[in-house]
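*Asks:* No letters, just coordinates:
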C-alpha cells in the first residue's frame, strides 16, 4: 500500500503564519514610538522661560516716557537747589555758577562756583604782543583777556586753558591763540594747579574779526557742565 503524504495540520499552519505578526506586536510594545518634542512637557517650559527672559530684556531697554524724564529732571533740580540767606534759590555744582545769568556775565563781575571764583578783570582790544612773529591775520585783531582765579576749596585743584573759548559775531568759536599767549607775561597756555585757597592771575589772547562788538567768552570746564558766558 502506498503511504499517504503527510498533511499539514491547519492549526499548526495558522499558528506558523500568525507568529511574525505577534512578534512585531511584541517588539512595538517593547519599543514605543517617541513623542515629538512639542508634545513633551519640558519643551513648553523652555518656551515660557524664553519668553519671560525676552520680555524682561525688552522692558529694560525701552526708552523712558517724556513724563518720566521730566520727573527725573525735576527731582535732580530739586536736589541741586539750595536756599540762600535772602530766601532766593540757586543751583550749585562744581562747574556751574551758584547764580545763573542767562544773559551772560560782564567784565569785572565775579562768577562764583561751588569750588572756585573766576573774574574777568580786563579786556584789551587790538592787542599787540610786541613780537613780529605773533601778529593777527589780515582783517583780524588780537583780544587779550585778563582773569583771576581763586580755589575756594581746601583741596588742590587744576584749572585748564583748554576750557576757554571765544565766539565772534558770526558764531565762529575759537580756542586761545597759543602762539600769542605764550609770548606775553602770565600767559595761560596749559593749566595751573592751585592748593586749597590758592589764587592766580593770568592772561589769554584770542584772534577775532577786527572791530567785532559781539564777542562772547565761553568757559566750560567739563563735558557735563553748562557753558558760562561772559560778554566782552
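*Replies:* Received, thanks. All figures in this text were calculated on a predicted structure; none of them were measured in a lab. Numbers count the residues shown, from 1 in each chain.

*Asks:* where does the protein have low pLDDT?
*Replies:* Within the chain, the ranges that satisfy pLDDT under 70 run 1-39, 57-102.

*Asks:* Strands along this protein, start to end?
*Replies:* Per DSSP state E, the chain carries strands over the ranges 81-83, 89-91, 105-106, 110-112, 116-124, 140-151, 157-160, 164-167, 173-174, 191-194, 199-209, 216-219, 228-231.

*Asks:* who's in contact with residue 215?
*Replies:* Contacts for residue 215 (Cβ atoms under 8 Å, 6 or more residues apart in numbering) come out as 143, 166, 167, 168, 169, 208, 231, 232. Every C-beta, even on glycine, is put in place using the N, C-alpha and C of the backbone.

*Asks:* what would these look like in CSV with distance to residue 135 and neighbour count?
*Replies:* Formatted as CSV, the contacts of residue 215 follow (distance: Cβ to Cβ, whole Å; neighbours: other Cβ atoms under 10 Å):
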residue, distance to residue 135, neighbour count
143, 14, 24
166, 18, 24
167, 22, 20
168, 18, 19
169, 22, 13
208, 14, 23
231, 26, 15
232, 21, 21
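
*Asks:* Where do the domain boundaries of the chain fall?
*Replies:* Here the domain parsing of the chain from automatic domain parsing is 19-61, 94-231.

*Asks:* Go through those domains and pick out the most buried.
*Replies:* domain 94-231 (a mean of 16; mean count of other Cβ atoms under 10 Å).

*Asks:* hmm, back to that, with distance to residue 48 as added columns, please give the strands of the chain in TSV.
*Replies:* As requested, these are exported to TSV (distance: least, Cβ to Cβ, whole Å):
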stretch	distance to residue 48
strand 81-83	48
strand 89-91	49
strand 105-106	62
strand 110-112	60
strand 116-124	58
strand 140-151	61
strand 157-160	56
strand 164-167	58
strand 173-174	57
strand 191-194	59
strand 199-209	66
strand 216-219	57
strand 228-231	56
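
*Asks:* Tell me which stretches of the protein form helices.
*Replies:* Taking DSSP state H as the criterion, the chain contains helices spanning 10-30, 41-61, 66-80, 178-183.

*Asks:* Start and end of stretch 121-141, how far apart?
*Replies:* 20 Å (Cα to Cα, to the nearest Å).

*Asks:* now what about it, what contacts it?
*Replies:* Counting by Cβ under 8 Å, 6+ apart, 107-108, 142-148, 179-180, 183-184, 201, 205, 207-211, 232 sit against stretch 121-141.

*Asks:* Now do the same contact list for residue 157.
*Replies:* Residue 157 makes contacts with 115, 116, 151, 193, 194, 196, as judged by Cβ under 8 Å, 6+ apart.

*Asks:* which pair in those spans the largest distance?
*Replies:* 115 and 193 (13.5 Å; Cβ to Cβ).

*Asks:* Might one say that residue 188 is in contact with residue 202?
*Replies:* Yes: proximity of residue 188 to residue 202 meets the contact threshold set by Cβ atoms under 8 Å, at 4.1 Å.

*Asks:* Now list whatever residues contact both of the two.
*Replies:* Joint contacts of residue 188 and residue 202 (Cβ under 8 Å, 6+ apart) are residue 147.

*Asks:* check contacts around the residue nearest to residue 227 when sequence neighbours are not counted.
*Replies:* Closest residue in space to residue 227, ignoring its immediate chain neighbours: residue 220 at 4.6 Å, by Cβ to Cβ, 6 or more residues apart in numbering. Contacts for residue 220 (Cβ under 8 Å, 6+ apart) come out as 95, 163, 165, 226, 227, 228.
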